[in-house]
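Chemist: structure for the following, please:
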Amino acid sequence: MLVGMPSAPVSRMGWRQKVVRALEERVSRAPRRVAITGVGLVTPLGVGAAESWDALTQGRSGIRRLTEEDLKEAPEKFARLPVKIAGCVDNASIEGLYPGSLPRNLQFAQIAAKEALSQARWQPLTDSERTRTGVSIGAGMGYPSTFYTVSNLVGQGRERRVSPYFIPHVLSNMASGLVSIEHGLWGPNHSVATACASGAHCIGDAFRMIGHGEADVMVAGGAEACIDVLSITGFSRMKALASGHNDSPSLASRPFDKDRSGFVLGEGAGVLVLEELRHAESRGATVLAEVVGYGRSGDAHHMTQPSKDGKGAVRCMAAALSDGGLGAEDVGYVNAHATSTPLGDRIEQEAISSLFGAGPHVSSTKGAVGHLLGAAGAVEAVFTVLSLRSKFLPPNVNFGETEEALRGRAKLVGAEGLRADGLEVAMTNSFGFGGTNSSLVFAV
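Modeler: Prediction:
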């Protein structure tokens, strides 16, 4: 418009009518079905979904004793650490898979995303395909080791040694950003930082985006690498870690077992390719499973402890069932959040029993890989999909028996796993500090 010319009158009814019409159309559209066409894993059990799953079903543990080299610490500092065990990703197994000097969590994300996209056979080529493909990968803490390194440099007056990539590398959304850049994905670029529920929330949010037509394909999951002096010290001070197994690391993580004493830090990434069902079918993609329900809730109780009545978890699981139009009787397996802490495992076990009765079998895969924090929900989502595909329920590694007061509360899978030939619907739970909860339901 030329300067000085009168502006045209704005028709307020015009824009209001447009907005109302758009909202009515949105409400009238049924949510689209969402398939899973690819999965990728980097875990302490191995790199790749097949390798990790095979080790898990054999009841192997990826938890080992740490070394000074793992933490890049002087002997005297390493000796002072109260906990010297973790679920580490083997350095040799990732060497060369993603060249460069990215922090471990970002490397994990790239490796898992590449595997998932390869299995899905999806690499968008046209502008339309790129615009309709997005990324949703989250983290709880990312890679705290970077903060530790930079803090030491600044404290020593060596500011000029701080990498110019310091800030980008510590942003919790950078995994999503780099996967988007690597594969040329122009769609929604999203990340969630909801502590140990981050990966699950990212998958659920991606499910919503596809269901409501914002994208046709989403690369979704979580990546985390927190095996460092800061994290070990912080969680130890909270008395959250299993501290009595420095000489028996493979026995330390024992979800639901009466002798559990705390969780074990793990690291890695889990990524899924979610895809609108008809889009997947039209290109002949293999559908591994469908995402059929997503629930969220808040405990509103405590910074780190779940609500003692378990109602936050119950509300979350019930919301996921309602979202999928399912009843408790439809679920055959629950992959529990259970981290191996005395309080958390008990509350979740009671919550599952409260909602499902003695219905589904329950196990936690953290006995094998430890607690991957922001990546836990994504890794466990992949394990749950693989359970549905293989009709096998992964074991509660190190589980012997639950405490007497909880016997009969939920059907806990033993340390050998369990065949489940009729399995069609499964749920996975993820709960985080701050009282944030997420449940996902998958079906085949």
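Chemist: where does the prediction get shaky in the stretch 51-200 of the chain?
Modeler: 99 (pLDDT under 70).
Chemist: mind running it again at 90?
Modeler: Across the stretch 51-200 of the chain, the ranges flagged by pLDDT under 90 are 72-77, 95-101.
Chemist: strands along that one, start to end?
Modeler: Ranges of strands within the stretch 51-200 of the chain are 63-65, 85-87, 133-138, 189-190, based on DSSP state E, counting those that start in this stretch.
Chemist: please work out which of the ones you listed is packed deepest.
Modeler: strand 133-138 (a mean of 31; mean count of other CB atoms under 10 Å). Where you see a C-beta, it was placed from the backbone N, CA and C, and this is true even at glycine.
Chemist: helices and strands around that strand, which ones?
Modeler: helix 104-120, helix 174-183, strand 189-190, helix 198-211, strand 217-224 (3 or more CB pairs under 8 Å, 6 or more residues apart in numbering; DSSP states H and E).
Chemist: mind running it again at 10 Å?
Modeler: In this structure, strand 133-138 makes packing contacts with helix 104-120, helix 174-183, strand 189-190, helix 198-211, strand 217-224, strand 268-276, helix 376-390, judged by 3 or more CB pairs under 10 Å, 6 or more residues apart in numbering; DSSP states H and E.
Chemist: what are the bridge partners for residue 41, then?
Modeler: residue 270 (DSSP bridges).
Chemist: tell me the secondary structure for residue 316?
Modeler: helix (DSSP: H, G, I helix; E, B strand; the rest coil).
Chemist: burial measure for the nearest residue to residue 421 once chain neighbours are set aside, as a count.
Modeler: Of all residues not flanking residue 421 in the chain, residue 391 sits nearest, at 5.1 Å (CB to CB, 6 or more residues apart in numbering). Using other CB atoms under 10 Å, residue 391 has 15 neighbouring residues.
Chemist: contacting residues around residue 391?
Modeler: Listed by CB atoms under 10 Å, 6 or more residues apart in numbering, the contact set of residue 391 reads 332, 418-424, 444.
Chemist: run the last query once more with 8 Å
Modeler: Applying CB atoms under 8 Å, 6 or more residues apart in numbering, we find residue 391 in contact with 419-423.
Chemist: out of these, which is nearest to residue 213?
Modeler: residue 423 (30.8 Å; CB to CB).
Chemist: could you find the closest non-adjacent residue to residue 351?
Modeler: Per CB to CB, 6+ apart, closest to residue 351 is residue 310, 3.4 Å.
Chemist: now swap in residue 418 and tell me
Modeler: residue 393 (4.4 Å).
Chemist: pLDDT wise, what is that neighbour at?
Modeler: You'll see residue 393 listed with a pLDDT of 98.
Chemist: neighbours of it, how many?
Modeler: For residue 393, the neighbour count with other CB under 10 Å is 26.
Chemist: what about it, distance to residue 336?
Modeler: Distance from residue 393 to residue 336, counting by CB to CB, to the nearest Å: 12 Å.
Chemist: check residue 215 too.
Modeler: To residue 336, residue 215 is 30 Å away according to CB to CB.
Chemist: comparing those two, which residue is more hemmed in?
Modeler: A direct count of neighbours by other CB under 10 Å for residue 215 and residue 336 places residue 336 higher, at 30 against 25.
Chemist: right, and that one touches residue 344 too?
Modeler: No - between residue 336 and residue 344 there is no contact under CB atoms under 8 Å: 9.8 Å.
Chemist: quick one on the thing from earlier: and of the helices and strands packed on strand 133-138, who's closest to residue 90?
Modeler: strand 268-276 (10.8 Å).
Chemist: the helix or strand following that closest one - contacts with which helices or strands?
Modeler: For strand 268-276, the following helix or strand on the C-terminal side (DSSP states H and E) is helix 277-282. On a contact count with 3+ CB pairs under 8 Å, 6+ apart, helix 277-282 meets strand 34-43.
Chemist: for the strand it packs on, what is the distance to the chain centroid?
Modeler: Between the centre of strand 34-43 and the centre of its chain there are 11 Å (CA atoms, centre = their mean, to the nearest Å).
Chemist: show me how far stretch 32-43 is from its chain's centre.
Modeler: Using CA atoms, centre = their mean, the offset of stretch 32-43 from its chain centre is 12 Å.
Chemist: do the same with stretch 336-345
Modeler: In terms of CA atoms, centre = their mean, the centre of stretch 336-345 is found 16 Å from the chain centre.
Chemist: quick one: contacts of that stretch?
Modeler: Residues outside stretch 336-345 that contact it (CB under 8 Å, 6+ apart) are 196, 240, 242, 252-257, 260-264, 305-306, 348-349, 352, 362-364, 366-367, 371, 376-377, 380, 429-431.
Chemist: go again using 7 Å as the cut-off
Modeler: Contact with stretch 336-345 is made by 240, 242, 253-256, 260, 262-263, 305-306, 348, 352, 362-364, 366, 371, 429-431, as judged by CB atoms under 7 Å, 6 or more residues apart in numbering.
Chemist: same question, stretch 351-358
Modeler: Contacts of stretch 351-358 (CB under 7 Å, 6+ apart): 310, 313-314, 317-318, 328, 331, 334, 336, 362, 409-411.
Chemist: okay, the one helix or strand residue 24 maps to in PDB with CA atoms only?
Modeler: Element membership for residue 24 (DSSP H and E) is helix 12-28. The C-alpha trace of helix 12-28 is given here as PDB (Å, rounded to 0.1, in the frame of the first residue of the first chain):
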ATOM      1  CA  ARG A  12     -14.100  -8.300  11.500                       C
ATOM      2  CA  MET A  13     -16.900 -10.700  10.600                       C
ATOM      3  CA  GLY A  14     -14.800 -12.000   7.700                       C
ATOM      4  CA  TRP A  15     -11.900 -13.200   9.800                       C
ATOM      5  CA  ARG A  16     -14.200 -14.500  12.600                       C
ATOM      6  CA  GLN A  17     -16.200 -16.600  10.100                       C
ATOM      7  CA  LYS A  18     -13.000 -18.000   8.700                       C
ATOM      8  CA  VAL A  19     -11.700 -19.000  12.100                       C
ATOM      9  CA  VAL A  20     -15.000 -20.600  13.100                       C
ATOM     10  CA  ARG A  21     -15.200 -22.500   9.800                       C
ATOM     11  CA  ALA A  22     -11.600 -23.800  10.300                       C
ATOM     12  CA  LEU A  23     -12.400 -24.900  13.900                       C
ATOM     13  CA  GLU A  24     -15.600 -26.600  12.800                       C
ATOM     14  CA  GLU A  25     -13.700 -28.400  10.000                       C
ATOM     15  CA  ARG A  26     -11.000 -29.500  12.400                       C
ATOM     16  CA  VAL A  27     -13.500 -30.900  14.900                       C
ATOM     17  CA  SER A  28     -15.300 -32.800  12.200                       C
END
